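Participant: here is a sequence together with a model predicted from it:
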Amino acid sequence: MNTRRPIVAVVDDDPRVLESLGELLEASDYGVRSFLSADSLLAEGLTGVDVLITDIGLPGTDGFELREIVRHLHPDLPVFLITGRHEIADQDRAKGIGGLFRKPFDALALLSALGDVLKE
């Protein structure tokens, strides 16, 4: 049986976060595509991506803007937002958003959320 591993695109301008999230996701049997910016993700495209995890505080196109672009291009693609800046997570823009994780986040909670959206 040939089952394709779900592909998770991760966007964060901190290479350490990309590395650690990549290792977590790969160990959990996800394929990972990592990007240092929203623009690099958009340049490569979203073909084959099943879930997007993006930092909010990115230079240039931030995570909120990227989420809106992705919603326009691929309305059914689940997007998770992550941030280490608690003042951003508390802003009105972030309130009521499902899939918002504050760094450092619980790895099991993130993996559970990914599993939930991929079952739908």
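Facilitator: Yep, that arrived.
Participant: hey, which helix or strand in this protein has the poorest pLDDT?
Facilitator: The helix or strand of the chain with the poorest confidence is helix 86-89; it has a mean of 51 (mean pLDDT, DSSP states H and E).
Participant: helix or strand next in line after that one, which one?
Facilitator: Next along the chain after helix 86-89, taking DSSP states H and E as the criterion, comes strand 100-102.
Participant: direction included, what does that following strand pair against?
Facilitator: Next to strand 100-102 in the sheet, as set by DSSP bridges, lie strand 79-83 (parallel).
Participant: strands along this protein, start to end?
Facilitator: For the chain, the strands defined by DSSP state E cover 7-11, 31-35, 51-55, 79-83, 100-102.
Participant: with distance to residue 68 and mean neighbour count added, can I get the ones you listed in TSV?
Facilitator: Every residue, glycine included, has its C-beta placed from N, CA and C. As requested, the strands of the chain are exported to TSV (distance: least, Cβ to Cβ, whole Å; neighbours: other Cβ atoms under 10 Å):
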stretch	distance to residue 68	mean neighbour count
strand 7-11	14	23
strand 31-35	17	18
strand 51-55	11	24
strand 79-83	9	23
strand 100-102	15	17
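Participant: tell me which of those lies nearest to residue 22.
Facilitator: Among these, strand 31-35 comes nearest to residue 22, with 4.7 Å by Cβ to Cβ.
Participant: okay, angle between that closest one and strand 51-55 too, please.
Facilitator: For strand 31-35 against strand 51-55, the angle by axes from the mean of the first three to the mean of the last three Cα atoms, to 10 degrees is 30 degrees.
Participant: many thanks, we can stop here.
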